[in-house]
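[1] The following comprises the amino acid sequence and a computationally predicted model.
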Amino acid sequence: TNSKGEGSRLEGFDGPPPVLRSMDPLLDLLKLHAPKEDVKKKAFRFMLQRMPAAEVFMHLVDVHQEPRDMSEEDLETLRAPTEAAELVLHEICSRLAKLALACRQCPAPQKWVGSSVALGFEAGGLPGRKVPEAQVREQVRVNLFDWGRSELNTPESHAELEESEQQDRFTFWRYYVGGIDRLAWEASRCYRHRFGSANGWLKADIVVYDFDSMTDSDFIGQVSLTLRPTEETTAQLTDQEGWQVRGGWRGEPASLTYRIEWRNFPEGSRLRGAWRVTLRRAQHLPGLDHFLGRSTSDPFAVITAISQDGRFRFRQQTCVVERQLDPVWEETFELPVAVDPSALHVALNSAAPGLGAHSCLRLSLRLRLCLGPAVADSCWSRICCFGGGGGGGVLM
């Protein structure tokens, strides 16, 4: 599972977005009969446990299908899904940073075996534009729960423990605090890359894969889109060396049909606007499931946004379309442009003054203080290069 590498693992996801629901962990099994419901649940849970935190946060704030998309007229009275997701993730960053600092203020090391962190928000509807920001933030949940195998250790009780038991508490507490640190860092990284770009986005790289539930998904083809208003257009997919991809039933050129438009958000929004990239369909994809005795693929597309200065990037993905060479997605992704590039600093400063310093060097030092030198050194090179992106509730 993901616990060893990142200090936490995903145990459940209530109200998952359509993309996550489309990822069938039993898809590659030769099903002689329909699997039982408990088998499907166990397989889905195991898939979640192996999911990196960057992908978890990408799915947590995935609102490109639910709640529903809205018209320009609706924007005058309702916050867009992207605006709501930005507020949610901003609040999660602030609360996780406060939790990480609170752990350091605990007077005695704890042994909270099996306890969990719940991250959640209301994804069933959109807040009105006149609804106070504080009211939207109140609906965000960052809670600790599940104390069945945990104990509360006080300085007095800790002093009475034998040395080996004291060391045991120190070890488990270090694991726990490290997991909270990494979770807070992953949330901040996701927010920075997804909602921190105020200079706009340069391009969107689209990669089409064949979903494999038992192994890594297979690369099918790619295309790079310059972000400018574009009517419905069909582009040919190329392989990793730039050669044309061919597939379908007669070896025809594989293609992707898309549309790009810019949408302004009303005055007073925390976001200036967003590029809207609609992936309509792909055609003539090669079939890659020959090992399973099929001539089809299970395609999905990953869109990676890259900022003008190259400092920000984040990804989103479409639903998996099973057993298709001509998948139809009709999914629209928004690439938001921030009004205030220092919004993440504000969230961190709310946890502790100075934690969200503007200087990259100062932020690096704050990370070292918060996460420890080993984790900070391994993470800092990635916070400016890679993004997680990805509604409902997450249990970790």
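    Right, received. Where do you want to start?
[2] quick one, strands of the stretch 1-150 of the chain?
    Counting by DSSP state E, counting those that start in this stretch, residue ranges of the strands within the stretch 1-150 of the chain are 12-14, 111-113, 116-120, 141-145, 149-151.
[3] shaky segments in this protein?
    Residues of the chain meeting the criterion pLDDT under 70: 1, 30-34, 356-396.
[4] tell me the centre residue of it?
    Met58 (1.4 Å; C-alpha atoms, centre = their mean).
[5] looking at it, that residue is touching Arg315, isn't it?
    Yes: shown here, Met58 and Arg315 form a contact pair, counting by C-beta atoms under 8 Å, at 6.6 Å. For the C-beta atoms, the positions are set from N, CA and C on the backbone; glycine is no exception.
[6] any chance of the strands of the stretch 1-150 of the chain in a markdown table, plus distance to Phe46 and mean neighbour count?
    Output for those, formatted as a markdown table (distance: least, C-beta to C-beta, whole Å; neighbours: other C-beta atoms under 10 Å):
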| stretch | distance to Phe46 | mean neighbour count |
| --- | --- | --- |
| strand 12-14 | 12 | 16 |
| strand 111-113 | 21 | 17 |
| strand 116-120 | 17 | 19 |
| strand 141-145 | 22 | 14 |
| strand 149-151 | 21 | 12 |
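[7] what comes up buried for stretch 268-281?
    269-271, 273-281 (16 or more other C-beta atoms under 10 Å).
[8] and that stretch, how far from the chain's centre?
    The chain centroid and the centroid of stretch 268-281 are separated by 17 Å under C-alpha atoms, centre = their mean, to the nearest Å.
[9] possible to save the strands of the stretch 1-150 of the chain as CSV with distance to Tyr176?
    CSV is the format used below for these (distance: least, C-beta to C-beta, whole Å):
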stretch, distance to Tyr176
strand 12-14, 19
strand 111-113, 6
strand 116-120, 10
strand 141-145, 10
strand 149-151, 10
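[10] of all these, which lies closest to Ile220?
    strand 12-14 (26.7 Å; C-beta to C-beta).
[11] Run me through the strand neighbours of that closest one, direction for each.
    Looking at strand 12-14 with DSSP bridges, its partner strands are strand 393-395 (antiparallel).
[12] Is Arg182 in contact with Ala53, as I believe?
    Yes: look at Arg182 against Ala53 with C-beta under 8 Å: they come within range, at 6.9 Å.
[13] Which one of the two is surrounded by more residues?
    The neighbour comparison of Arg182 against Ala53 (other C-beta atoms under 10 Å) goes to Ala53, with 26 against 19.
[14] Excluding chain neighbours, what is closest to the more buried one?
    Distances taken as C-beta to C-beta, 6 or more residues apart in numbering put Glu186 closest to Ala53, at 4.0 Å, once the chain neighbours are dropped.
[15] Compute the distance between that neighbour and Gln135, please.
    27 Å (C-beta to C-beta, to the nearest Å).
[16] Nearest to Glu165, out of the strands of the stretch 1-150 of the chain?
    Comparison of those against Glu165 by C-beta to C-beta identifies strand 111-113 as nearest, at 9.4 Å.
[17] ok, back up a step: mutual contacts of Arg182 and Ala53, please.
    6, 8 (C-beta atoms under 8 Å, 6 or more residues apart in numbering).
[18] where along this structure do the helices fall?
    3-6, 18-21, 37-49, 53-60, 81-104, 133-138, 155-159, 163-195, 343-351, 360-371, 373-383 (DSSP state H).
[19] Just the CA atoms of the third one, as CSV, please.
    Once non-C-alpha atoms are left out, helix 37-49 reads as follows in CSV (Å, rounded to 0.1, in the frame of the first residue of the first chain):
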residue,chain,number,x,y,z
GLU,A,37,-20.4,-7.3,-4.3
ASP,A,38,-18.0,-7.9,-1.4
VAL,A,39,-15.2,-8.9,-3.9
LYS,A,40,-15.7,-5.7,-5.8
LYS,A,41,-15.6,-3.6,-2.6
LYS,A,42,-12.4,-5.3,-1.5
ALA,A,43,-10.8,-4.8,-4.9
PHE,A,44,-11.8,-1.1,-5.0
ARG,A,45,-10.4,-0.6,-1.5
PHE,A,46,-7.1,-2.2,-2.5
MET,A,47,-6.9,0.1,-5.5
LEU,A,48,-7.4,3.1,-3.2
GLN,A,49,-4.8,1.9,-0.7
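[20] Need the contact partners of it.
    The contact list for helix 37-49, computed with C-beta under 8 Å, 6+ apart, reads 1-3, 9-13, 23, 25-26, 35, 213.
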